[in-house]
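Enquirer: Predicted model, plus sequence, below.
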Amino acid sequence: MTKITIVDAVCGSGKTSWAKQEINNSVSQDIFVEDDREKYIFVTPYLREINKLVKEIKIDFFQPSNTDGKGSKLEDLKMLLKLRKNIATTHEIFKRLDVEALDLIEEMGYTLIMDEAIQVIEPVKDIDESDVEMLLNFNIIKIGELGKVSWNYEKYESKSFSRYGDIKIMADNDTLYVENNKAFYRTIHTRAFEAFEEVYILTYLFDGQIQKYYYDMHDIEYTKKSVIHNGKKFELVEYNPQLENREGLISLINVYEGNLNYNFDSRETEELNSKELRKVKKYQLSSRWFNEVATQKDIAQLNKNLLNYFTNIESTATNKIFWTTLKNVASDLKNKKCKYAFKKPDTDDEAYSKKYNFLPFNARATNAYGDRTAMAYVYNRFMNPHEKTFFTSRNVSVNQELLALSDLIQFLFRGCIRNGEPMNCYIPSERMRKLLKDWSEYKI
């Protein structure tokens, strides 16, 4: 059975340094034949982090490529596996691993080190409820345990069903699931973690992340560890959140408390009792609030608040700011301080980070904003209701509070606090501020 270790430690505690240390130590072992040494696949969200990795370790890592214009990065990765090379790649390539690649990983005996939890499920686009209903009614697909989809029609290439070729491929790879007979979800194959000899996931607050619920759904066993520096080297120890020095970290975070946290909701609240008012505040700035409740006046006020905060409350140069909100409202909130690109942002690209200062609310791993001294988190994070149902309908409990806190902490650590420097923060959601406070007091 694969040994899976979750290295669950706060940003900046040394998770990646430990991983590099372990890789370098494998070179120092008294093994004369290189092929007998431990082989690694290192997976990280961004290419730039891979480039940093290969400069700081003693063994050669190879990146899948298709620079010749032929084939694909996945096919190139398979060739590297056959050659038993150490491989460094991105989350996106890892998500594409097929049965052939997984067989090679198992045969060659690799260790996986994954920087940050990966997106293990995602909805299948361009397929709606009517498509699912038709495939079921014509007995094209079968639904198995946990809602796993299998293909049951060999002549799918006929005109009636040829557009579902991708669905067949996902079903044949055991990565397709149906939710409530209405929507398809593509998942990562469980063998993407079970085919390795050892697996290390470097992350923080794993208990609030989608990958944890995916593990629970499939009864995948793992252990959690903390990481420390003992004065000579980094080492893994029994998981203990008290090792995180949250008191010192929160002392670097200057969270704004003032009228800008409360003046953006134009609904009348005077007639509400205390319980109703708490409910209103709990869901302010959530996806539903933005999409169903907020008025144009509310959005305009939030825009003014952002500009006011970065201009008057904490006067900050544009190139020292980073901020976030839902992407579908970012264009309405952008202003001369808060920059937003309509194109899909490459948030780990230095050129992009200098021109724009918007990051997705769940940004991770990038260090391109480490010099930013002020931030705004204009969002109240809840799990997507369909994703939540995907797990709860399979008897998996989810923790909405830890999920929201995990994204907020990760976002905060994109800025200068990762370098031990103080940072000004505008977090207008009362719920998100409370989660941060509870975290600092070890209540969550």
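Expert: On my side now, so go ahead. Numbering: from 1, shown residues only.

Enquirer: so where's the protein uncertain?
Expert: For the chain, the stretches flagged by pLDDT under 70 are 28-36, 67-71, 154-160, 268-277, 342-351, 353.

Enquirer: at 80 what do you get?
Expert: By pLDDT under 80, the weakly predicted segments of the chain are 1, 27-37, 46-55, 66-71, 153-162, 266-281, 341-356, 365.

Enquirer: Who are the contact partners of the closest residue to residue 171 other than its chain neighbours?
Expert: Using C-beta to C-beta, 6 or more residues apart in numbering and skipping the chain neighbours, the partner closest in space to residue 171 is residue 151 (4.3 Å). In short, each C-beta sits where N, CA and C put it, glycine included. Residue 151 is in contact with 140-141, 167-168, 171-172, counting by C-beta atoms under 8 Å, 6 or more residues apart in numbering.

Enquirer: Who is residue 376 paired with across the strands?
Expert: residue 323, residue 426 (DSSP bridges).

Enquirer: Is it correct that it is in contact with residue 330?
Expert: No - counting by C-beta atoms under 8 Å, residue 376 does not reach residue 330; the two are 11.4 Å apart.

Enquirer: Compare these two and say which one has the larger neighbour count.
Expert: Between residue 376 and residue 330, residue 376 has the larger neighbour count (other C-beta atoms under 10 Å), namely 27 against 21.

Enquirer: now the strands for the stretch 301-444 of the chain?
Expert: Assigned by DSSP state E, counting those that start in this stretch, the strands in the stretch 301-444 of the chain fall at 321-324, 374-377, 423-426.

Enquirer: ok, how many other residues are close to residue 399?
Expert: 17.

Enquirer: Which residue, neighbours along the chain excluded, lies closest to it?
Expert: Take residue 399 and drop its neighbours on the chain: the residue closest to it by C-beta to C-beta, 6+ apart is residue 208, 5.1 Å away.

Enquirer: go on, residue 255?
Expert: Using C-beta to C-beta, 6+ apart, the nearest residue to residue 255 is residue 425, at 4.9 Å.

Enquirer: Residue 254 now?
Expert: Residue 254 sits nearest to residue 424 (C-beta to C-beta, 6+ apart), 4.8 Å away.

Enquirer: So what's the residue count around that neighbour?
Expert: Neighbour tally, residue 424, other C-beta under 10 Å: 22.

Enquirer: That one: what's it in contact with?
Expert: Residues near residue 424 by C-beta under 8 Å, 6+ apart: 254, 256, 314, 316, 373-375.

Enquirer: What are the boundaries of the helices in the stretch 101-250 of the chain?
Expert: 129-137, 165-172, 191-194, 210-217, 246-250 (DSSP state H, counting those that start in this stretch).

Enquirer: could I get the ones you listed as JSON lines with mean neighbour count and distance to residue 80?
Expert: JSON lines is the format used below for the helices of the stretch 101-250 of the chain (neighbours: other C-beta atoms under 10 Å; distance: least, C-beta to C-beta, whole Å):
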{"stretch": "helix 129-137", "mean neighbour count": "15", "distance to residue 80": "36"}
{"stretch": "helix 165-172", "mean neighbour count": "17", "distance to residue 80": "23"}
{"stretch": "helix 191-194", "mean neighbour count": "20", "distance to residue 80": "16"}
{"stretch": "helix 210-217", "mean neighbour count": "22", "distance to residue 80": "25"}
{"stretch": "helix 246-250", "mean neighbour count": "14", "distance to residue 80": "39"}
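
Enquirer: Can you check which of those helices gets nearest to residue 320?
Expert: helix 246-250 (20.0 Å; C-beta to C-beta).

Enquirer: what's downstream of that closest one, the next helix or strand?
Expert: Counting by DSSP states H and E, the element after helix 246-250 in chain order, helix or strand, is strand 253-255.

Enquirer: helices or strands next to that following strand in the packing?
Expert: For strand 253-255, the packing partners by 3 or more C-beta pairs under 8 Å, 6 or more residues apart in numbering; DSSP states H and E come out as strand 423-426, helix 430-440.

Enquirer: Please tabulate those in JSON lines, including the columns distance to residue 126.
Expert: Conversion of the helices and strands packed on strand 253-255 to JSON lines gives the following (distance: least, C-beta to C-beta, whole Å):
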{"stretch": "strand 423-426", "distance to residue 126": "38"}
{"stretch": "helix 430-440", "distance to residue 126": "34"}
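
Enquirer: from those, which stretch is densest packed?
Expert: strand 423-426 (a mean of 22; mean count of other C-beta atoms under 10 Å).

Enquirer: Checking residue 25 next. Helix, strand or coil?
Expert: Under DSSP: H, G, I helix; E, B strand; the rest coil, the three-state class of residue 25 is helix.

Enquirer: how close does it sit to residue 228?
Expert: Distance check for residue 25 against residue 228: by C-beta to C-beta, to the nearest Å, it reads 17 Å.

Enquirer: More neighbours: which of those two?
Expert: When residue 25 and residue 228 are compared for neighbours, residue 228 comes out ahead with 17 against 12, by other C-beta under 10 Å.

Enquirer: Show the contacting residues for the more buried one.
Expert: Listed by C-beta under 8 Å, 6+ apart, the contact partners of residue 228 are 13-14, 234-235, 237, 243.

Enquirer: what's the closest of those residues to residue 444?
Expert: residue 243 (16.2 Å).

Enquirer: what sits against residue 188?
Expert: Contacts of residue 188 by C-beta under 8 Å, 6+ apart are 94-95, 97, 118, 120-121, 175, 214.

Enquirer: give me that answer again for 6 Å
Expert: For residue 188, the contact set (C-beta atoms under 6 Å, 6 or more residues apart in numbering) comprises 95, 120.

Enquirer: all strands for the stretch 101-250 of the chain, in order.
Expert: Under DSSP E, counting those that start in this stretch, the stretch 101-250 of the chain gives strands at 110-115, 121-123, 141-143, 149-151, 176-179, 183-187, 198-203, 223-229, 234-238.

Enquirer: Residue 402 versus the closest residue to residue 222 other than its chain neighbours, what's the distance?
Expert: With C-beta to C-beta, 6+ apart as the criterion, residue 222 has its nearest non-adjacent residue at 4.0 Å, and that residue is residue 4. Distance, residue 4 to residue 402, by C-beta to C-beta: 19 Å.

Enquirer: rewinding a little: does the residue nearest to residue 222 sit in a helix or strand, and which one?
Expert: Here residue 4, judged by DSSP H and E, is contained in strand 3-8.

Enquirer: same for that strand, what does it pack against?
Expert: strand 198-203, strand 223-229 (3 or more C-beta pairs under 6 Å, 6 or more residues apart in numbering; DSSP states H and E).

Enquirer: To residue 179, which of the ones you listed lies closest?
Expert: Of all these, strand 198-203 comes closest under C-beta to C-beta, at 25.1 Å.

Enquirer: before we move on, the earlier item: considering the contacts of residue 424, which is situated nearest to residue 198?
Expert: The shortest approach to residue 198 among the contacts of residue 424 belongs to residue 375, at 36.3 Å (C-beta to C-beta).
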